[in-house]
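Engineer: please work out how this folds:
(one chain, ligands or ions: 2)
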Amino acid sequence: MKFVSVPLSLQQAVMRTLRQKLTQASYFLQQKFPEPQITYQQRGTIAGSARLQEWEIRLNPILLIENQQTFIDEVIPHELAHLLAYHQFGKVAPHGKEWCFIMETIFEVPAKRTHPFSVHSVRSQIFIYYCRCQQHELTIRQHNKVLRGKICYICRQCGEKLTLLAEAET
Ligand SMILES: [Zn+2]
Ligand SMILES: [Zn+2]
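Structural biologist: Ligands and ions are numbered 1, 2, ... in the order given. As a prediction, this is how the structure comes out:
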């Protein structure tokens with residue numbers, strides 16, 4: 001995956017919403033919670049994930065940049081509620097009643113399980129193949145055909161069979 005750097009202003013907006021939600025939880029539950037670590041390493045079409053033991057929230061940098069505050073308002077409460085549900089109730093169903101309670105009663109947001117963001121850009125993958133003379137970009141469909149052994153692409157210039165070099169996400 002290409003390295004995606006999240007603008008500082010966006011990272012600050014993430015922290016603002018995170019702290020605001022944490023304050024709401026502390027006030028409601030009369031308890032202080034440590035601030036979760038935020039990382040921007042979530043890949044693929046997933047918006048974010050909560051690492052319960054590590055007390056960490058992973059965010060998808062591409063979907064964050066594309067959707068800005070809408071992403072923050074949706075994903076931060078969702079993932080933070082996973083951490084808090086684990087903290088307060090231990091191992092419970094991921095989107096069970098404890099999680100719903102935190103979302104609806106404490107954060108006062110709808111308890112939605114899935115995110116509404118377009119995943120077009122995170123799904124369109126390009127695969128780099130090479131031959132003796134150049135690099136070739138294959139789409140995921142072409143790549144899948146190669147994987148299934150249905151087809152073998154030949155370079156029109158040198159006549160050599162294309163070989164997979166690396167996977168790159170756009
Ligand atoms: Zn979830
Ligand atoms: Zn060639």
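Engineer: CA atoms for contacts and neighbours, from now on please.
Structural biologist: OK.
Engineer: the host helix or strand of residue 21: which residues count as buried?
Structural biologist: Assigned by DSSP states H and E, residue 21 belongs to helix 8-29. Within helix 8-29, the residues that count as buried by 16 or more other CA atoms under 10 Å are 11, 14, 15, 17, 18, 21, 22, 23, 25.
Engineer: which helices and strands does it pack with?
Structural biologist: If contacts are counted by 3 or more CA pairs under 8 Å, 6 or more residues apart in numbering; DSSP states H and E, helix 8-29 sits against helix 61-89.
Engineer: the same query, at a cut-off of 10 Å, please.
Structural biologist: In terms of contacts (3 or more CA pairs under 10 Å, 6 or more residues apart in numbering; DSSP states H and E), helix 8-29 is packed against strand 37-39, helix 61-89.
Engineer: what's the angle from it to helix 61-89?
Structural biologist: 20 degrees (axes from the mean of the first three to the mean of the last three CA atoms, to 10 degrees).
Engineer: what sits up against helix 8-29?
Structural biologist: Applying CA atoms under 10 Å, 6 or more residues apart in numbering, the contact partners of helix 8-29 are 30-40, 59, 61, 64-65, 68-69, 71-73, 75-77, 79-81, 84, 88, 102, 105-108.
Engineer: filter those residues down to the buried ones.
Structural biologist: Using 16+ other CA under 10 Å, the buried members of those are 36, 38, 40, 59, 61, 64, 71-72, 75-77, 79-81, 84, 102, 106-107.
Engineer: grab the nearest non-local neighbour of residue 100.
Structural biologist: The shortest distance from residue 100 to any non-neighbouring residue, by CA to CA, 6 or more residues apart in numbering, is to residue 111 (5.6 Å).
Engineer: what backbone torsions are found at the one you found?
Structural biologist: phi -80, psi 80 (degrees, to the nearest 10).
Engineer: got it, and residue 130?
Structural biologist: According to degrees, to the nearest 10, residue 130 has phi -140, psi 160.
Engineer: hmm, residue 160 and it touching each other?
Structural biologist: Yes. At 9.1 Å, residue 130 and residue 160 qualify as touching, with contact defined as CA atoms under 10 Å.
Engineer: what touches both of these two?
Structural biologist: Joint contacts of residue 130 and residue 160 (CA under 10 Å, 6+ apart) are residue 154.
Engineer: out of those two, which sits in the busier spot?
Structural biologist: Neighbours per residue, other CA atoms under 10 Å: of residue 130 and residue 160, the larger number sits with residue 130, 19 against 14.
Engineer: how close does the more buried one sit to ligand 2?
Structural biologist: 7 Å (CA to the ion, to the nearest Å).
Engineer: how is the protein carved up into domains?
Structural biologist: With domains defined by the TED database, the chain comprises 8-121, 124-164.
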